[in-house]
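Participant: Need a 3D model of the sequence below.
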Amino acid sequence: MSCAPAVPVVPEDVCSLLADVETFVSQMLKGENLSKKAKEKRELLLKKIKDVKASYSREFPEEELEDEDKSENSLSSPLDSSSIASDRYDKEDEAPSDGNHFPPVAAQDLQFVLKAGYLEKRRKDHSFLGFEWQKRWCAISKTIFYYYGSDKDKQQKGEFALEGYTIRMNNSLRKDAKKDCCFEISAPDKRIYQFTAATPKEAEEWVQQVKFVIQDTGSNTIPEEEEEEYDDVGQVNSEPTDDSIYEEVKEEQVPSKAEVPRKESQEDVSTDSGCVDRCQRFSVK
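Facilitator: Numbers count the residues shown, from 1 in each chain. As a prediction, the model looks like this:
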């Protein structure tokens, strides 16, 4: 009696590698401007991957294959494809390294946004195939740095408070043309966050804005100083010097109407009395 050959078990690391390859080929390359030959190779590679998965149904259930078919046939933009492909790599960001937990908030609902835009974020633990940099929509809201898959996301993929961090340009993070567009945000005993901007100028703008927020978090005495200056100004304005001067000038320059005829009548009386005296002296002579 012959025994059926045992079906070999696919090692877990091989399954993970195959999943990474399929994600890269089916999602990351979907929106790229590929040549006709490259597109044909892509389709052929996807077919081979599906055939291999079908041969090992225990490691790759049929439900997983159906989900991949739906994902492949969906009409998503290149940006959305990048976001979907990297969703599984943001799991380590669900628990902030500094222990602070922030409630979910949609990208469009952020308040007091100081700066926002797309950056490439370096993964904490990148995979073998190079899912090292992920395109993320980042925003600074008050003193919190948020990052999303896109500016339409209903919930952030991660966030961290900027207080206690420092930021600097770092051209050693990459070896390609974007090496001068990189910066990192770090703090003692905390996770290091590394990003790439589209241009060196944009990277500098992010660095300056983050520096401003970090410095502002330590400026707790500014409102008290402003209130003291405001009280001093109020005391100076309350002195009644202007009113007293105004009253004195008014009395000197504007005589009352009653005084004018009184002066005229005194002059007339003095004139008449002078005439009487002269007449009396003339009659005596």
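Participant: partner residues bridging Ile167?
Facilitator: Ile185 (DSSP bridges).
Participant: looking at it, it is touching Glu205, isn't it?
Facilitator: No - using CB atoms under 8 Å, Ile167 is not in contact with Glu205, being 11.9 Å away. In this view, the C-beta of every residue, glycine as well, is placed from N, C-alpha and C.
Participant: These two: who's more crowded?
Facilitator: Ile167 (22 against 14; other CB atoms under 10 Å).
Participant: if I look at that one, how far off is Ser57?
Facilitator: Going from Ile167 to Ser57 by CB to CB, to the nearest Å gives 49 Å.
Participant: unless I'm mixing things up, Thr199 is touching Cys181, no?
Facilitator: Yes - assessed by CB under 8 Å, Thr199 is found in contact with Cys181 at 6.1 Å.
Participant: neighbour count winner among these two?
Facilitator: Cys181 (24 against 11).
Participant: list the contacts for that one?
Facilitator: 196-200, 202-203 (CB atoms under 8 Å, 6 or more residues apart in numbering).
Participant: hmm, try it at 7 Å
Facilitator: 196-200, 203 (CB atoms under 7 Å, 6 or more residues apart in numbering).
Participant: Just the ones of those residues in helices?
Facilitator: Among the contacts of Cys181, the ones falling in helices (DSSP state H) are 200, 203.
Participant: got the contacts of Cys181 as a markdown table, with distance to Lys50 columns?
Facilitator: Formatted as a markdown table, the contacts of Cys181 follow (distance: CB to CB, whole Å):
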| residue | distance to Lys50 |
| --- | --- |
| Thr196 | 33 |
| Ala197 | 38 |
| Ala198 | 36 |
| Thr199 | 40 |
| Pro200 | 43 |
| Ala203 | 41 |
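Participant: For Val113, state which of the contacts of Cys181 is nearest.
Facilitator: Proximity of those to Val113, judged by CB to CB, is greatest for Ala197, which lies at 17.1 Å.
Participant: hang on, isn't the closest one packed against Gln209?
Facilitator: No - applying CB atoms under 7 Å as the test, Ala197 and Gln209 come out as separate, 11.6 Å apart.
Participant: where's Ser57 relative to Ala107, distance?
Facilitator: From Ser57 to Ala107 the distance is 39 Å (CB to CB).
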